[in-house]
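Asker: build me a model:
(chains A and B)
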Amino acid sequence: MSVDVSDVAAVAEDVESFRTRAREWIRGNLGPFRPETAMGLRSVPAEEELAAVAYDRQLQRKVYDAGFAGIAIPREYGGQGLTAAHQRAFNEELAGYECATRFQIPTMCPCAAVLLDFGTEEQKIRHIPAMLRGEEIWMQFLSEPSGGSDVAGALTSAVRDGDEWVLNGSKVWTTGAWWSDWALCLARTNWDVPKHRGLSVFILPIKQSGVDVHQIEMLNGAKDFCQEFLTDVRVPDTDRVGAVDDGWTVVTRWMFHERTLFNSPYVTYPQGQVHTVADASPADIARDAGVLDDPRARDLIGEARTLDVVGDALMQRIAGGMRAGRISDQSAAIGRLYRGIAGTRTATIKFDIAGPDAAAWSDDDGGISQAGNGFLMRQTACIGGGTTEMARNVISERVLGFPREQLPDRNVPFREVPRGGSR
Amino acid sequence: MLWELNADQEFFRDTTAKFLSERVPVEAIRRRRHETDAFDAEYWRRGADLGWTSLLVGEEAGGGSISGDPVVDLTLIAYEFGRAAAPGPLTSANVVAAALSGAGSHPEVVADLLSGATVAGWAHAEPRGGIGAVGLEIRADGAELVLDGVKRPVEAAGQAGWFLVSGRTGDGLTQVLVPADAPGVSVAALQTVDLTGRFGTVTFDGVRVPRDAVVGEIGGAAAQLEYQLQLALVIQAAETVGAMQRGFDMTVEWAADRYSFGRPLASYQAIKHRFADLKSWLEASHAIADSAAAAVSARAAGAGELVSVAKAYIGEYGLELLQDCVQLHGGIGLTFEHDLHLFLRRATVDRALHGTPAQHRARIAQFVIDREGSAA
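Answerer: This is a model prediction of the structure:
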């Protein structure tokens, strides 16, 4: 079934009738959700990953053609011009069905969200519809090898040269940069002011000379995390996002969007399938391990389900509270902390349910076969997207108002800030 | 606690909050520790005037809700009960009133419950029982029903004029309303950690009641009892969240005011990170308590699982939070003089009543397995 995009949402459609329409289309047109092909840090051959990327492009296009891409994105940028509630209804109906995960995070959130907040009209019109059509996968060139959680300490430099900027430096922890198209990039444009005041944000194509993408092998064999080396990369000034040296204003919003992720109004993702490392559900693993009737396994299944359901309720509460202005945007850190802790706990639960077979398995062991690697990679949930320690600082200082940690680099020109080694 | 209350709900909640802070301040709660009764009759009657007992009863029977979402309205009161560690059989009164009016039986008793003139005990739990395990026998004998068995713990058993008793009739479950003074009914007081909680063991030894004592249908009470459990759990969740919020607020204030080694406690990163964890547990508990209340109010299909999730989460993390508040206070947090334990006590009792977190995790696992099994 194909719907003429221009007719959809011409009049404001109420959420329930939208939901019904979405349900019919989803059931008639989409296959089952396959977590093993979703974006994530798994050890799969390169051809398999590239095939999954190509399939995601087609799938995203299909959703776009049906009039369900960018549900809460304004119509002038290729979206449907509806509300966060419509997106949420779609995500609920999408539970159990396939989804073009590579076009959601970080493409729609935080990248498209940042463009919507700070991009020029030309930037928005050029890129957001292309994302929604399945043509542009975006990445975040944010973290740096020396930076850890200190995002404002970026060393990648951008030097003005006429109408262009010349970028040099290195970015890291970019999931899937090797098969992606565009990047949102933070760079230092002024070394003579304190660190937060000398940053600017740019956009650039990844596949160009001067951008050297290296795949980093992770401890589970996955090679989707990348490090990029930027050597004299020229970016036109029209591809700058936000004001020169005011990049921190952009990054603050950028990180806010990153903390909302699966609860963002711009992200299409099946409700209840927010898994990072995990694939099979705890109940699936218990069944495969033959312990479904074991009271200890049941206790763990109940605990994992509890963490999942509570997490969903928490994300709704925080998003609703922020929308209503009842709590500050900094409260997004509460969701980030919860997701990290619940994610690591769930990985442990799966490992424990899998039992001794998690130590040594064969490919036909089903859900058990991922439990060991899932456990090894457990801390991903507490590190990626800013560590839980940073989230705890934000919660205690910005939400609860406790005294801030001392910051020796606060009012010092960045050029004079002490820096450690390259590791 | 919900962030989007309408003005009527805010007023309703505020009225109870004000009443509780005037009528049962912490000193009054401490004084209750040696009293036989948990509350005085006048306190309860005035609370009933404020709407504590009538929300789940239809207007035709003298009740009515504030917002059209009666269960949600009731959780506003329960939350204030938790914040004040207030006495009174809020759960029993509402569960029994809802059961009687839902079944359309015993209107005169409903009227007395609504006015606060009478208190009824919800006699459902049994000694050493799992969630909803019923062993008490109810058998028909001519025009009468005969009850044999033991219920425990029963809230406010000593002050109750009536007991709503669940029993097994052959393969089915039955509920009957029994006067507390019926021959064969005996009440033995239990001890508890809560200063204002009063519970008893109620024994039914060949207790005879007429057939019209039945609430609903003989052998057909399973769905009613599941709904009553859901009501009890959302009331309990909101109450525990209220106690958590109060304990957390006290501890935040303490950490900001208390200086050690020349700096406020709240300036140490080790302490700050601990508070961040507590804040995430607190907000998560608010969120799941509200979700469960909304689902029960709407009689949603997933309500049974949600209330168990709320219990499993809040039962664990709520108590961890309050114990951490004791830890963050140091020695003073372990004294009777300090107020913190009043809220820890209430939450401790709530953790154990109506199924432990572990029992609810087992129930959740069954929901998951049933669902995934039927989908496969």
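
Asker: for A:Glu389, helix, strand, or coil?
Answerer: Using DSSP: H, G, I helix; E, B strand; the rest coil, the structure places A:Glu389 in helix.

Asker: and for it, the neighbour number?
Answerer: 16 (other C-beta atoms under 10 Å in any protein chain shown). All C-beta atoms are positioned from the backbone trio N, CA, C, and that covers glycine.

Asker: that one and A:Ser149 touch, don't they?
Answerer: Yes - between A:Glu389 and A:Ser149 there is a contact at 7.3 Å, judged by C-beta atoms under 8 Å.

Asker: look up the closest residue to residue 198, ignoring the ones flanking it.
Answerer: No chain was given, so I picked chain A. A:Asn190 (3.4 Å; C-beta to C-beta, 6 or more residues apart in numbering or on different chains).

Asker: was after chain B, sorry
Answerer: Per C-beta to C-beta, 6+ apart, closest to B:Arg198 is B:Ala38, 4.1 Å.

Asker: can you give me the helices in the chain?
Answerer: Chain wasn't specified; assuming chain A. Assigned by DSSP state H, the helices in chain A fall at A:15-29, A:46-65, A:84-93, A:113-118, A:121-132, A:247-260, A:282-289, A:295-323, A:332-354, A:371-376, A:380-383, A:388-394.

Asker: meant chain B, my bad for not saying
Answerer: Under DSSP H, chain B gives helices at B:7-23, B:26-31, B:41-49, B:70-84, B:90-103, B:107-115, B:222-257, B:269-297, B:303-313, B:319-329, B:340-352, B:357-375.

Asker: closest one to chain B among the helices of chain A?
Answerer: helix A:295-323 (2.8 Å; C-beta to the nearest C-beta).

Asker: and that closest one, what's buried?
Answerer: For helix A:295-323, the neighbour count (16 or more other C-beta atoms under 10 Å in any protein chain shown) marks A:297-322 as buried.

Asker: can you check stretch A:242-251 too?
Answerer: Neighbour-count burial for stretch A:242-251 [16+ other C-beta under 10 Å]: A:242, A:244-251.

Asker: which of these sits closest to B:Ile66?
Answerer: The closest of these to B:Ile66 turns out to be A:Thr249 (C-beta to C-beta; 43.5 Å).

Asker: which residues does the one residue in chain B that gets nearest to chain A contact?
Answerer: Proximity of chain B to chain A (C-beta to the nearest C-beta) peaks at B:Arg361, 2.8 Å away. Going by C-beta atoms under 8 Å, 6 or more residues apart in numbering or on different chains, B:Arg361 touches A:298-299, A:301-303, A:306, B:308, B:312.

Asker: ok, back up a step: dump the helices of chain A into a markdown table; add distance to chain B and mean pLDDT as well.
Answerer: Formatted as a markdown table, the helices of chain A follow (distance: least, C-beta to the nearest C-beta, whole Å; pLDDT from 0 to 100):
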| stretch | distance to chain B | mean pLDDT |
| --- | --- | --- |
| helix A:15-29 | 14 | 97 |
| helix A:46-65 | 23 | 96 |
| helix A:84-93 | 12 | 94 |
| helix A:113-118 | 23 | 98 |
| helix A:121-132 | 31 | 98 |
| helix A:247-260 | 13 | 91 |
| helix A:282-289 | 5 | 93 |
| helix A:295-323 | 3 | 95 |
| helix A:332-354 | 5 | 96 |
| helix A:371-376 | 17 | 91 |
| helix A:380-383 | 12 | 92 |
| helix A:388-394 | 4 | 96 |
